[in-house]
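Trainee: Dropping a prediction and its sequence here:
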Amino acid sequence: MRLRIAAASVGVLALAACSQGSATDPGASEDGKTVVRYMNFSANDGHEKDLDAIVAAFEKANTDIDVRVETLPFADYFTTLQTAVAGDTAPDAFELNYENFVTYAKNGSLAELSGVDTSVYGKSLVDAYATDGKQYGLPESFSNVVLFYNKTLFDQAGVAVPTADWTWADEQAAAERLTNKGAGVWGDYQPITYNEFYKALAQAGGEFLSEDGKSATFDSPEGLKAANWLIGKNGTTMPTEADGAGTPDFDSKLFSDGKLAMWHTGIWMFDALADVPFEWDVVVEPGDTTKASAMFVNGLAVSSASENAEAAQKWITFLSSSDTTTDVRLDTSWELPPVADDSKLAAYLDQPKPANRESVFDALENPVLPPVIERQQEMQDAVTKELGEAAAGRKPVAQALKDAQAAVNGLLE
Amino acid sequence: MTLVATKSPVTSPPPIRRAKPRRSWKHYGWVLFFLLPSAVPLVLFTIVPMISSIWVSLHEWNLISPMRWVGFDNYVSLLTDPQTGKVFLHTLLYVAGYLPLVYAGGLGLALALNRKLPARAFLRATYFLPVVTSWVVVALVWKWLLNPAGGLVNQILGFFGLGQPGWWTDPDWALVSVILASAWKDLGFVMVILLAGLQAIPRDLHEAAIVDGASGWQRFWRVTLPLLTPSTFFVVVISLINGFQVFDQVYVMTGGGPGGASQVVVGQIYDLTFRYGRAGEASALSWLLFVVILAVTVIQIRGQRRWVHYA
Amino acid sequence: MRKVALFSAVLVGAAIMLFPFLWTVITSITPEGSLAGGPTLFVEDPTLDAYRTLLDTVPMWRIMLNSFGIAVAATVLQLVTGAMAGYGFARLSFPGKNIVFAGYLATLMIPLQVLVVPLFIEMRTFQLNDTYFALLAPGIASAFGVFLLRQAVAAVPSELDEAATIDGASHLRIFTTIVLPLVRPTLATVAVFAFMSSWNGFLWPLVVIRSPEFMTLPLGLSTLQGQFTTEWDVVMAGSVLSIIPIAVVYLLAQRHIIAGIAHTGIK
């Protein structure tokens, strides 16, 4: 008898174990509402409640739609998304950064968006998510890279602080004066990676890819200049890998400990530096022959396999351009909304730290989007690897550049 | 309770000249009864995906669009790509360095903790702790220890006037760094297995040897080690199977670098599947690895007759 | 004298082994602790803030319950299926036994990274993705446990079986009353590894689980790593909490692994 009860309860448990969770109920919608499943990474680690607020506002205005949010950390996001698309469990709407958008669009994973009012978005931003004249995504937020500097360190050393007119030469001179290895103070930190290289290349007036995008063109005098600019800092004005550079949060700790005079990083760090005990500010990154600032755009797309594409599009339109979203983003420093109307961004400029927030928008005047090819990740890895070899002194810079270009051309075939 | 092993468990006993009993249906019923509970899940949840992955290996697939048939192209391009040879070489070097270290260390620990030392249970737990600690922390600890510019290890080496390698920043030493960290972390695992094996050695054998005048060292070589061979066999087989598939520690400690100097086969498989959108090649590569691991394992199973004593 | 030297060596070794764990704990109680500065042994203002943040950010109790439930189920299932298979391979003969065993071992030779996508699609085909069952499925049986238990059962003298057979015992009776009690140390060992591998599993749960109510501990802890920065003290607090259950399981199992006082070794 006891065996039978045991067997029965095991059976019940087993059956219960086979029921699917809330995020996967096939098309199930309580109260007959349309369910839109939305997957994202940018709300992770601090903005989950902000996203919930936007969802609540959307559902209030659209009582027939129920938005179910899944938030994943960035590191795991694409593993999950790719597997979901492969297994036909893709969410109705999802977030994509610009680099991955191209791949997904080319592979037909995205639904074409119809009837989009492109005028509400910044032109360069909304164009980034269009292919062949058709809109496959909407820009969701953007951020860019500026030069952070520790005003207190500058004042103590008697060096003039960076201005918008600075060039690489000015930056280098200041960095050298501010580096004091004995005291563990460094002048200038800029990672030696693909992301910095294509931007430095643009600042030197070079081109990463040819016009038709079919070949790499960065092994040029400008490319050499850019590579040397990055690699020259290693060990002179910037700690080396052996000192810890490249380990997680090394640079942010260095800056917030007051041991770094200048730092190339993104505006997403504003929040993290709110409480540091010294004065700091930002300025548009100095260029060499021209100014160029790296811009990163996150976007939203609807899955081509979605059965609720219309509702999904309504959601992403709201998430990308509604006033609610704009206000929430600005209030909580959650990246910048991609709206064209500058007046809506006034609240952003009014926040106290850093003082020179205009530079964030000034930087938008000379934006550089990451060069994107089909085999994007391999290209980024190849370029970063060659730069790393040169930085460690295992290869001359010119050779590394040549090898990197050969590798990228190999990926473009 | 002393246990004496009486037959070789992994291979069939040599044919004995006696009338082979006619197996009844009942006998095969028992075979099914004992094996199906494990066989069915393994087939459904491991073997079926394995077979699917063979199918995938004959295609080009970036996961987000339908597969495209390419036949054996993936295998051909892998076998002609120098990168494949590189990652296999690194994996082989890893295994060759890791196994002796972890076995010797684990054996030493098992022998030491087999005696009546105070706080034995606490010590055994302590040595097992790294096995269950996440690689994120262990990797960071080892990177700190092996920091070329002032890490503890280099400071000690410098004190003795020995050379101070670049460890994980140096392509020639990156793999060594991973080997050291891995062997250290898994010592507890080997210790646990070998302790169980040591426990199984009958006390009377040691006592007989003492009576015969054998020294401690002689007893170790002539009694302990030979009777430990079944456990040793298990450790070697499993460590090799796992060692060839090393991934987490490389990913966290060196990311396969610097410059790809420590990239291993499964690291390459992971990159191909989830970062480069080449799942077909990844599957093909994993089947190449499978062949290698299978060959190594079969050789060991056949070879155990020579050195594994089951009684 | 030798014993003292040995003991000291073992103690030093233990200190080294404890070191990473200690660093984890210390970072978790350091205000805004970070792993960047290298390990420290002293904390100026120890605080439990990281643990509070952890409990606020991540639904720790729920995910620990999920992880624990799955790990216990996986352990029990692996013990049962593994012991039975171990007995089957060690005691029963049948044509093709070696090939079947090779098949079992072969399941250990393909990396998980390659199996997750096909397995996910397989689960999806049967509408079993995003379920507890899917989390458990790959852990129901393990060739590792089967291998270990086969070795252990083979070490049990078959004379004991024969004696019982004469008394009319069936295989099942022999298995449960004679063999199982004698392989208790190995069962405990398999239990520890089964629990550990289920508890720490990351890639498969990541891919097959989407609903927050099914989330497991490693997944929950990974959400603490931001895209640009990470609160290391909170991550370390999570690591500490996740090590404790396994350590407890190991301590409990250890008593069974080391059966009795050591018979070997010199005093």
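Mentor: Arrived safely, thanks for sending. Residues are numbered from 1 along each chain as shown, chains lettered A, B, ... in the order given.

Trainee: Now do the contacts for the closest residue to residue A:46 other than its chain neighbours.
Mentor: Leaving aside its chain neighbours, residue A:46 sits nearest to residue C:226 (7.0 Å; criterion: CB to CB, 6 or more residues apart in numbering or on different chains). To be clear about C-beta, it is placed using only N, CA and C from the backbone, and glycine gets the same treatment. By CB atoms under 8 Å, 6 or more residues apart in numbering or on different chains, the contact list for residue C:226 reads A:44, A:45, A:46, A:73, A:74.

Trainee: Neighbours of the closest residue to chain A within the stretch 151-267 of chain C, how many?
Mentor: Chain A sits closest to residue C:211 of the stretch 151-267 of chain C, with a gap of 2.6 Å, by CB to the nearest CB. For residue C:211, the neighbour count with other CB atoms under 10 Å in any protein chain shown is 16.

Trainee: correct me, but it touches residue A:68?
Mentor: No: using CB atoms under 8 Å, residue C:211 is not in contact with residue A:68; the gap is 9.2 Å.

Trainee: Give me the common contacts of those two.
Mentor: A:22, A:23.

Trainee: chain center to stretch A:320-337: distance?
Mentor: 16 Å (CA atoms, centre = their mean, to the nearest Å).

Trainee: what residues does that stretch touch?
Mentor: Applying CB under 8 Å, 6+ apart, the contact partners of stretch A:320-337 are A:42, A:47, A:50, A:53-54, A:57-58, A:120-121, A:138-143, A:267-268, A:270-271, A:298, A:300, A:318-319, A:338-339, A:344-345, A:347-348, A:351, A:360.

Trainee: count of neighbours near residue 172?
Mentor: Just so you know, I chose chain A. The number of residues packed near residue A:172 is 18, by other CB under 10 Å.

Trainee: oops, I was thinking of chain C
Mentor: 13.

Trainee: same check, this time on the one 10 residues further on
Mentor: Close neighbours of residue C:182, defined as other CB under 10 Å, add up to 18.

Trainee: close enough to count as contact, it and residue C:154?
Mentor: No: assessed by CB under 8 Å, residue C:182 is found out of contact with residue C:154, at 11.5 Å.

Trainee: Now list whatever residues contact both of those two.
Mentor: Common neighbours of residue C:182 and residue C:154 (CB under 8 Å, 6+ apart) do not exist.

Trainee: Spell out which residues of the stretch 151-300 of chain B are next to chain A.
Mentor: B:166, B:169, B:171, B:257, B:258, B:259, B:260, B:271, B:274, B:275, B:276, B:277 (CB under 8 Å from any CB of the partner chain).

Trainee: Pick out the most distant pair among those.
Mentor: B:166 and B:277 (33.5 Å; CB to CB).

Trainee: more neighbours, these two?
Mentor: residue B:277 (25 against 20).

Trainee: is chain C contacted by the helix or strand containing residue B:39?
Mentor: Using DSSP states H and E, residue B:39 falls within helix B:25-42. Yes: using CB under 8 Å from any CB, helix B:25-42 reaches chain C at B:27-28, B:30-31, B:33-35, B:37-42.

Trainee: chain center to the helix or strand that comes right after that helix, what's the gap?
Mentor: Using DSSP H and E, the helix or strand that follows helix B:25-42 towards the C-terminus is helix B:48-57. The chain centroid and the centroid of helix B:48-57 are separated by 24 Å under CA atoms, centre = their mean.

Trainee: hmm, back to that, which ones among the contacts of residue C:226 lie within strands?
Mentor: Using DSSP state E, no member of these falls within strands.

Trainee: And these, which is closest to residue A:192?
Mentor: Comparing the contacts of residue C:226 against residue A:192 with CB to CB places residue A:74 closest, at 21.4 Å.

Trainee: And the residue nearest the centre of chain B, its phi and psi?
Mentor: Computing the C-alpha centroid of chain B and ranking residues by CA atoms, centre = their mean puts residue B:239 first, at 1.7 Å. Per-residue torsions, residue B:239: phi -60, psi -40 (degrees, to the nearest 10).

Trainee: right, and it touches residue B:106 too?
Mentor: No: Residue B:239 is beyond contact range of residue B:106, at 9.6 Å (criterion: CB under 8 Å).

Trainee: For burial, what's the neighbour tally of the residue lying closest to residue A:124 once chain neighbours are set aside?
Mentor: Sequence neighbours aside, residue A:367 is the residue nearest to residue A:124 in space, at 6.3 Å (criterion: CB to CB, 6+ apart). The number of residues packed near residue A:367 is 20, by other CB under 10 Å.

Trainee: Kindly state the beta-bridge partners for residue A:367.
Mentor: According to DSSP bridges, the residues that bridge with residue A:367 are residue A:293.

Trainee: Could you tell me which residues make contact with it?
Mentor: Residue A:367 neighbours (CB under 8 Å, 6+ apart): A:124, A:144, A:292, A:293, A:294, A:295.

Trainee: quick one: the fourth one and chain C, what's the gap?
Mentor: This points to residue A:293. According to CB to the nearest CB, to the nearest Å, residue A:293 and chain C sit 17 Å apart.

Trainee: separation between that residue and chain B?
Mentor: The value you get for residue A:293 to chain B, if CB to the nearest CB is used, is 27 Å.

Trainee: ok, the closest residue to chain C within chain A - contacts?
Mentor: Per CB to the nearest CB, residue A:21 is where chain A lies closest to chain C, at 2.6 Å. Residue A:21 makes contacts with C:130, C:131, C:209, C:210, C:211, C:212, C:213, C:214, as judged by CB under 8 Å, 6+ apart.

Trainee: cool, residue B:78 as well?
Mentor: B:84, B:281, B:284, B:285, B:288.

Trainee: hey, where'd the strands end up in chain A?
Mentor: Along chain A, the segments classed as strands by DSSP E run A:34-40, A:65-71, A:93-97, A:130-131, A:134-135, A:138-150, A:186-189, A:260-266, A:280-283, A:293-302, A:367-368.

Trainee: Got the confidence number for the closest residue to chain B within the stretch 151-267 of chain C?
Mentor: Among the residues of the stretch 151-267 of chain C, residue C:154 lies nearest to chain B; the distance is 3.0 Å by CB to the nearest CB. For residue C:154, the model assigns a pLDDT of 85.

Trainee: Show me what from the stretch 101-250 of chain A comes close to chain C.
Mentor: Counting by CB under 8 Å from any CB, the stretch 101-250 of chain A comes close to chain C at A:244, A:247, A:248, A:249, A:250.

Trainee: can you pull out the helices in the stretch 1-150 of chain A?
Mentor: A:2-17, A:48-61, A:74-86, A:98-106, A:123-128 (DSSP state H, counting those that start in this stretch).
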